[in-house]
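> Pasting the sequence and the predicted coordinates here, then a few questions.
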Amino acid sequence: MKDEGRTHTGLAAIRQWKAETSAKYTYTCEPFRAEQKGDVSVVTCHLEGNFPGGRADLRFFFRLERGKIANLEIVP
């Protein structure tokens, strides 16, 4: 999983990233677009919260394997 230029590999690292992000920021994430590009799903969300800038539209690129997210990249 890749976010803010850092790569997090493995379930434990991803859980730690999520816990740290949730402790640091409060935000809402509202999806407003979803599309499929080959085997990659792209969901675009509008975020608002107490992170730097306060608002952002982010794209979540992910690929599924056996019904689970195998790869995720979050980009502005």
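Done, it's in.

> Leaving out chain neighbours, which residue sits closest to F60?
Nearest non-adjacent residue to F60, counting by Cβ to Cβ, 6 or more residues apart in numbering: V43, 4.7 Å away. The C-beta positions use only the backbone N, C-alpha and C, and glycine is treated the same way.

> other SSEs contacting whichever strand or helix holds that neighbour?
Using DSSP states H and E, V43 falls within strand 40-49. For strand 40-49, the packing partners by 3 or more Cβ pairs under 8 Å, 6 or more residues apart in numbering; DSSP states H and E come out as strand 27-37, strand 55-65.

> contact partners of that strand?
Applying Cβ atoms under 8 Å, 6 or more residues apart in numbering, the external contacts of strand 40-49 come out as 25-36, 54-64.

> now do 6 Å
Defining contact as Cβ atoms under 6 Å, 6 or more residues apart in numbering, one finds that strand 40-49 is touched by 25-35, 55-63.

> just the buried members of those residues?
F60 (16 or more other Cβ atoms under 10 Å).

> hmm, back to that, can you report how many residues neighbour the residue nearest to F60?
Residues contacting V43 under the criterion other Cβ atoms under 10 Å number 15.

> what's the answer for R6, then?
With other Cβ under 10 Å as criterion, R6 counts 9.

> if I look at the residue nearest to F60, how far off is E20?
22 Å (Cβ to Cβ, to the nearest Å).

> returning to what we had before: hey, what's the residue nearest to F60 bridged with?
Judged by DSSP bridges, the bridge partners of V43 are A34, F60.

> any idea of the pLDDT on it?
We note a pLDDT of 97 for V43 in this prediction.
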